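A.B. asks: Structure for this input, please:
(2 chains)
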Amino acid sequence: AQSVTQLDSHVSVSEGTPVLLRCNYSSSYSPSLFWYVQHPNKGLQLLLKYTSAATLVKGINGFEAEFKKSETSFHLTKPSAHMSDAAEYFCVVSVGYSSASKIIFGSGTRLSIRP
Amino acid sequence: DGGITQSPKYLFRKEGQNVTLSCEQNLNHDAMYWYRQDPGQGLRLIYYSQIVNDFQKGDIAEGYSVSREKKESFPLTVTSAQKNPTAFYLCASSMTGLDGEQYFGPGTRLTVT
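C.D. replies: Numbers count the residues shown, from 1 in each chain, chains lettered A, B, ... in the order given. So this is what the prediction gives:
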């Protein structure tokens, strides 16, 4: 079975400070892992994707995530927050390309940036 | 511009009426998806289609129906059997299956009173 847990529903940081959004997952198979960002009343945009290549994945807008199999984690980080980073972030786990395919979205983490 | 369009952006219906949400893509993607998003929750998969004339139920298909007669189009009908239809509905597409990057439309906010 697959599941994904975003450990914080809301994170608030000051502009220019590091961002850490935490995600733990479980999967019976080798999963694909994603982080998506959603601005208010908009669709989602892919930030980055892990599919069993390099464990440190670099994405758009300076974000990156590290796949740690031993900890079943896929935390999203950014060295320096910008006001435009304020949005909802979703960690996603998916498996397969068949009738047994499954995709699970985390419940989301709302990121607020203080001036 | 390539992308996914959903129309309308806001939709209002009376309880007991069926309503169809439009989703069109010009990305030449094989797979298309419908999700429902409720406040404070992640997305939940309603239906997905990996090729024309074929689709599978997702986690919350009850009260919904879809068709996939053309590669570009994947309309979703919210029927009167859906007990709590008010939500934000998102359509997406991908080149491959569920393990591929998905491209999302801007969403349709449906309100049923």
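A.B. asks: pLDDT weak spots in the chain?
C.D. replies: This is for chain A. Scanning chain A for pLDDT under 70 picks out the ranges A:96-100.
A.B. asks: You answered for a different chain; I wanted chain B.
C.D. replies: B:1-2.
A.B. asks: Look up which helix or strand the residue nearest in space to the middle of it falls in, please.
C.D. replies: For chain B, the residue nearest the mean C-alpha position is residue B:34 (2.9 Å; C-alpha atoms, centre = their mean). Residue B:34 is located in strand B:31-37, with elements delineated by DSSP states H and E.
A.B. asks: Give me the helices and strands touching the following helix or strand past that strand, please.
C.D. replies: Per DSSP H and E, the first helix or strand lying C-terminal to strand B:31-37 is strand B:43-51. Contacts defined by 3 or more C-beta pairs under 8 Å, 6 or more residues apart in numbering or on different chains; DSSP states H and E place strand B:43-51 against strand A:102-105, strand B:31-37, strand B:54-57, strand B:64-66. C-beta here means a position set from N, CA and C on the backbone, and glycine is covered the same way.
A.B. asks: what does chain A put close to chain B?
C.D. replies: A:9, A:32, A:34, A:36, A:41-46, A:49, A:51, A:90, A:94-99, A:101-108 (C-beta under 8 Å from any C-beta of the partner chain).
A.B. asks: coming back round to it: the residue nearest to the centre of chain B contacts residue B:66, doesn't it?
C.D. replies: Yes: at 6.6 Å, residue B:34 and residue B:66 qualify as touching, with contact defined as C-beta atoms under 8 Å.
A.B. asks: how near is the closest residue in space to residue A:36 that isn't next to it in sequence to residue A:15?
C.D. replies: Counting by C-beta to C-beta, 6 or more residues apart in numbering or on different chains, residue A:36 lies nearest to residue A:44, which is 4.2 Å off, once chain neighbours are set aside. Applying C-beta to C-beta, to the nearest Å, the value for residue A:44 to residue A:15 is 24 Å.
A.B. asks: More neighbours: these two, which one.
C.D. replies: residue A:44 (27 against 13; other C-beta atoms under 10 Å in any protein chain shown).
A.B. asks: List the contacts of that one.
C.D. replies: For residue A:44, the contacting residues are A:36-38, A:90, B:43, B:90, B:92, B:102, B:104, taking C-beta atoms under 8 Å, 6 or more residues apart in numbering or on different chains as the criterion.
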